[in-house]
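J.: Sequence and predicted structure below; questions after.
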Amino acid sequence: MSVAREVERIISVTSLEKSFSNEQVLRGIDFSVEDGEFCVVVGPSGSGKSTLLKCIAGLVEFDRGSISLGGRDVGELSVPDRDLGFVFQDFEERLFPHMTVAENVAFGLRQAGVSEAEIETKTDDMLELLAISETRDSLPAELSGGQQQRVELARQLVRECDVMLLDDPLADLDYKLQKRMELEMRQIHEELGSTFVYVTHNQDQALKLADKLVVVNQGLIEQVGTPDEVYAEPATAFVGRFVGDSNPLLGTVTAVDGDTLTVETPVGSVVAATRDDGVEPGAEVVVLVRPESVRLGDAADGCDNTFAGDVAGRTYTGEVTEFTVSLDTRGETDVEDFQSVTSGNVPMETVQSRTSVGWNADEGVAYAKLSVSDTATVDDLMEV
């Protein structure tokens, strides 16, 4: 009988709290990262992501809680002893202005006593990987912002640290280069075998890169799981709204049948699944429906929820066709716009200007729990 190998937790964060002046930025963070894992921390701007990375790196002192690296409490380790690679958001301030690109990239290797021959090879390989070989002899001031960011990324990656902390390193790259670098980041991670903790507010990027997703909001963790788990089974309405696209409907529960609710909404009565315990008639809920679950035209026939609406827009992205449909509403309520996504190039004639919109009960989830934060409101959720 084989025995499963226990995976080492290379980073453990427990009950971490941090305040600046009167603002509490981290409010009791708990999560761990396993050896060799690509962990992505995702959340809105101002949710505490960068502060969390700086606490792990030792650049910011936390108020309460604990952090361990490789089983050792960080209180026992100086910043250099932690031997972490860190790519900052303010990358342009981290490069040495008097050094060429090659010299900047090689700096950490020279500090570590690596031979000049190996430095040359590693530097050239990393510059080629990040598509900046032509900048080898340039000074940072001669580079674009995107090029500078790649130099800082190269300077950290070339050190091949066991743990890499990356603070939104692709944010300033143009669209095509960002997409290429997303693929390269996975390749680099696999080649190095390092543990990556990667911060971003880009949900699509998070889903593509992560082995593990940590969703943060207002200094709290909303959910930890694989990208599939977080996308398919959001723990709160906030997660369902923030990670990926969703269509929200606000309503009141009128009936409960096991895990299925009937909810009165501006577009009519909707049946939806729920993952919240103890939801009773009269409760206010948010029903979320993913755009890929929304069927249009004849495909909506026979769905548990079917409504009528006018097609307000169509966009073909090269991979999918996105439709916006304005659903009929009751009373004086504003029009409810619903998004539908279908693979391939779907012509407008397929659904016509007046169409049916449908989805099944298990494809819409009703949330009574908006967020782990007790200050989150429905208005906050609609703005996500």
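T.: Structure received.
J.: that's a helix at T121, yeah?
T.: Yes. According to DSSP: H, G, I helix; E, B strand; the rest coil, T121 belongs to a helix.
J.: can you count the residues close to it?
T.: 11 (other Cβ atoms under 10 Å). Just so you know, the C-beta spots here come from the backbone N, C-alpha and C atoms, and that holds for glycine as well.
J.: Pull out the buried positions in stretch 277-284.
T.: V279, A283 (16 or more other Cβ atoms under 10 Å).
J.: got the CA positions of that stretch in PDB?
T.: In PDB, the C-alpha atoms belonging to stretch 277-284 read as follows (Å, rounded to 0.1, in the frame of the first residue of the first chain):
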ATOM      1  CA  ASP A 277     -28.000  27.300   5.700                       C
ATOM      2  CA  GLY A 278     -31.200  28.500   7.400                       C
ATOM      3  CA  VAL A 279     -32.500  30.800   4.600                       C
ATOM      4  CA  GLU A 280     -36.200  31.400   5.300                       C
ATOM      5  CA  PRO A 281     -39.000  33.100   3.400                       C
ATOM      6  CA  GLY A 282     -38.700  36.900   3.700                       C
ATOM      7  CA  ALA A 283     -34.900  36.900   3.500                       C
ATOM      8  CA  GLU A 284     -33.200  39.300   1.100                       C
END
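J.: pLDDT averaged over that stretch - what is it?
T.: Confidence over stretch 277-284 (mean pLDDT, whole number) is 92.
J.: What lies in contact with that stretch?
T.: Contacts with stretch 277-284, where a contact means Cβ atoms under 8 Å, 6 or more residues apart in numbering, come from L250, G251, T252, V253, T254, A255, V256, L261, V285, A366, A368, V378.
J.: quick one: contacts for the second one?
T.: Listed by Cβ under 8 Å, 6+ apart, the contact partners of G251 are V263, E264, T265, P266, V270, E284, V285, V286, V287, A366.
J.: Pull the most distant pair out of the residues you listed.
T.: P266 and A366 (14.7 Å; Cβ to Cβ).
J.: Would you mind telling me which of the two has more residues around it?
T.: Ranked by neighbour count (other Cβ under 10 Å), P266 and A366 place A366 first, with 28 against 17.
J.: Partner strands of the one helix or strand the more buried one maps to, with direction?
T.: Following DSSP states H and E, the helix or strand that holds A366 is strand 364-367. Each strand that pairs with strand 364-367, with its direction, by DSSP bridges: strand 268-274 (parallel), strand 284-289 (antiparallel).
J.: What residues sit buried inside the last one?
T.: The reference is to strand 284-289. V285, V286, V287, L288, V289.
J.: Please apply the same query to stretch 346-365.
T.: Those would be V346, V351, T355, S356, V357, G358, W359, N360, A361, E363, G364, V365, for stretch 346-365 by 16+ other Cβ under 10 Å.
J.: Just confirm the third one contacts A312, I think it does.
T.: This points to T355. No. T355 is beyond contact range of A312, at 10.8 Å (criterion: Cβ atoms under 8 Å).
J.: Now do the shared contacts for those two.
T.: Joint contacts of T355 and A312 (Cβ under 8 Å, 6+ apart) are V325.
J.: shaky segments in the chain?
T.: Applying pLDDT under 70 to the chain flags residues 1-7, 90-92, 331-335.
J.: Next, please give the residue ranges for the helices of it.
T.: 49-57, 79-82, 101-111, 116-129, 145-157, 175-192, 203-209, 227-232, 237-242, 378-383 (DSSP state H).
J.: helices and strands around the longest one, which ones?
T.: The reference is to helix 175-192. helix 145-157, strand 195-200, helix 203-209 (3 or more Cβ pairs under 8 Å, 6 or more residues apart in numbering; DSSP states H and E).
J.: what is the orientation angle of it with helix 116-129?
T.: Helix 175-192 and helix 116-129 are oriented at 140 degrees to each other (axes from the mean of the first three to the mean of the last three Cα atoms, to 10 degrees).
J.: Going forward, the N-terminal residue is numbered 603.
T.: OK, 603 is where the count begins now, so the last one is helix 777-794.
J.: quick one, helix 777-794 and helix 747-759 angle?
T.: 0 degrees.
J.: what sits up against helix 777-794?
T.: Counting by Cβ under 8 Å, 6+ apart, 640, 731-733, 748, 752, 759, 762, 766, 772, 775, 798, 800, 807, 810-811 sit against helix 777-794.
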